[in-house]
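[1] Just to be clear, the model below is a prediction. Sequence and coordinates:
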Amino acid sequence: MANRNKKLRIGLALGGGGARGLAHVGVLKVMEQANIIPDVVVGTSMGSIIGALYCHYRNAQVTAEKVIQQLKSPKMADLGLGKFQQEKSKELIKRNLQKTLEHLSRIYMLTSVLTKDHIIAEEKVKTLLSLLLPKGNIEDLALPFGAVAADLLQGKPHLFREGSIQQATQASAAIPGVFPPVEFKNMQLVDGAIVSLVPVQETFGMGANFVIAIDVSPFISTTKLYRTGIEIWLRADQITGKTLRDQYLKETQAVISVDNMTYEWYAFDAAQEIIAAGEQAAEQALPVIQKALRARQPWWKRWFSLSK
């Protein structure tokens, strides 16, 4: 627990979740409107991309506009995330054809993952990040910022606190098997979510003593029975991640859980809805966060705020 007598330093820990991480934009909007301004921001995976943008512009609305602009760009379409989106039923496509196409799509994905270390080429990822993010270094951002990646060789998290913004976020968001690992200083780095889904410890480590964690991971259903080996393996991995995440979240002063949405990690076409879900979750959590922040203020400030 942080020392109450120390100067308040608010940290935002932005969790990973692919497209679900767009909810961070909505959360940042609400925090900004409530005049809750972070002193440090740390992100994992998509959280690192949104966090870097916010630390550059220091404006949630501008961050939202930049994200939406790039999501609509031809470069985003060229990234090929549509490969993961199963086609929905259409009147012009018969049901049996639909199932055949979905089956072939799964075979293509499995073959790609088993024969090479990625599905989407590194050049495409770099091009998109270069259009979205500033070209400078982390230490030049307007707010202290960190990006968490995972080192496959040592099996440990790596926190970028300096160096290229684009390289750090590329490593932090390198989903294993989908995007290629990033080789950096004798490390092979991939998506930080596998070691630190919501980077709470890293945020404390960067000097925050009041951490607001934003968790955008999906709600784990308990109603489905798992029939195949791959389904069971994925479920086991999901449970491991949830257990680790829940343990870290207990260490924070406040948690915003954006669990009011059912979008997959690749559902970037639902950006507006996901951002709105983030706003809604932040608004619901805001009274508790404000109460906790007031409790950290000196007694005379608390008395003055009550006497207004």
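    It's in.
[2] can we go C-alpha only for contacts and neighbour counts from here?
    Will do.
[3] so where's the stretch 1-150 of the chain shaky on pLDDT?
    Counting by pLDDT under 70, the stretch 1-150 of the chain contains low-confidence residues at 1-5, 75-118.
[4] Now with 50, please.
    Per-residue confidence for the stretch 1-150 of the chain (pLDDT under 50) gives these ranges: 1-2, 84, 86-113, 115.
[5] which residues in it form strands?
    Using DSSP state E, counting those that start in this stretch, the strands found in the stretch 1-150 of the chain span residues 10-14, 40-44, 145-151.
[6] From the chain's centroid, how far away is the first one?
    Relative to its chain's centre, strand 10-14 lies at 12 Å (Cα atoms, centre = their mean, to the nearest Å).
[7] same thing with stretch 182-195?
    Its chain's average C-alpha position is 16 Å from that of stretch 182-195, according to Cα atoms, centre = their mean.
[8] Reformat the strands of the stretch 1-150 of the chain as CSV; add mean neighbour count and distance to A171.
    Compiled in CSV, the strands of the stretch 1-150 of the chain are given as follows (neighbours: other Cα atoms under 10 Å; distance: least, Cα to Cα, whole Å):
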stretch, mean neighbour count, distance to A171
strand 10-14, 28, 16
strand 40-44, 31, 10
strand 145-151, 30, 6
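[9] Now distance to S73 too, for those strands, in JSON lines please.
    Formatted as JSON lines, the entries for those read as follows, by distance: least, Cα to Cα, whole Å:
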{"stretch": "strand 10-14", "distance to S73": "25"}
{"stretch": "strand 40-44", "distance to S73": "24"}
{"stretch": "strand 145-151", "distance to S73": "25"}
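[10] ok, how many other residues are close to Q170?
    Other residues within reach of Q170 by the criterion other Cα atoms under 10 Å amount to 28.
[11] Name the helix or strand for it, please.
    Secondary structure here is read from DSSP states H and E; on that basis Q170 sits in helix 165-172.
[12] tell me which strands and helices that helix is in contact with?
    If contacts are counted by 3 or more Cα pairs under 8 Å, 6 or more residues apart in numbering; DSSP states H and E, helix 165-172 sits against helix 46-57, helix 122-132, strand 145-151, strand 187-191.
[13] Could you pull out the buried residues of that helix?
    Going by neighbour count (16 or more other Cα atoms under 10 Å), the buried part of helix 165-172 is 165-172.
[14] And for stretch 175-194?
    Applying a neighbour-count criterion of 16+ other Cα under 10 Å, the buried positions in stretch 175-194 are 175-182, 187-194.
[15] right, and the pair among those residues with maximum separation?
    Across the buried residues of stretch 175-194, the longest distance by Cα to Cα is 18.4 Å; it joins V178 and M187.
[16] who does V255 bridge with?
    Taking DSSP bridges, one obtains A213 as the residues bridged to V255.
[17] Please tell me how far it sits from D246.
    Distance of V255 to D246, given as Cα to Cα, to the nearest Å: 11 Å.
[18] what's the answer for A281, then?
    As for A281, its distance to D246 is 18 Å (criterion: Cα to Cα).
[19] of those two, who's got more company?
    Neighbours were counted for A281 and for D246 using other Cα under 10 Å; A281 has more, 20 against 13.
[20] Pop out the phi and psi values for that one.
    Reported as degrees, to the nearest 10, the phi and psi values for A281 are phi -60, psi -40.
[21] Any figure for the gap between it and K29?
    For A281 relative to K29 (Cα to Cα), the value is 12 Å.
[22] hmm, back to that, out of the helices and strands packed on helix 165-172, which comes closest to A267?
    For those, proximity to A267 was assessed by Cα to Cα; helix 46-57 is nearest, at 12.7 Å.
[23] Name the residues of the closest one that are buried.
    For helix 46-57, by 16+ other Cα under 10 Å, it's 46-56.
[24] what does that helix rub up against?
    Residues outside helix 46-57 that contact it (Cα atoms under 8 Å, 6 or more residues apart in numbering): 14-19, 21-22, 24-25, 41-43, 60, 63, 133-134, 141-148, 165, 169, 172-173.
[25] The stretch 151-300 of the chain: helices as residue ranges?
    165-172, 200-205, 229-249, 271-296, 299-307 (DSSP state H, counting those that start in this stretch).
[26] My error: substitute the stretch 1-150 of the chain in the last question.
    Along the stretch 1-150 of the chain, counting by DSSP H, counting those that start in this stretch, helices occupy 23-33, 46-57, 60-71, 74-78, 95-115, 122-132.
[27] ok so, going back, quick one: which of the strands of the stretch 1-150 of the chain is nearest Q33?
    Short answer: strand 10-14, nearest of those by Cα to Cα, at 15.5 Å.
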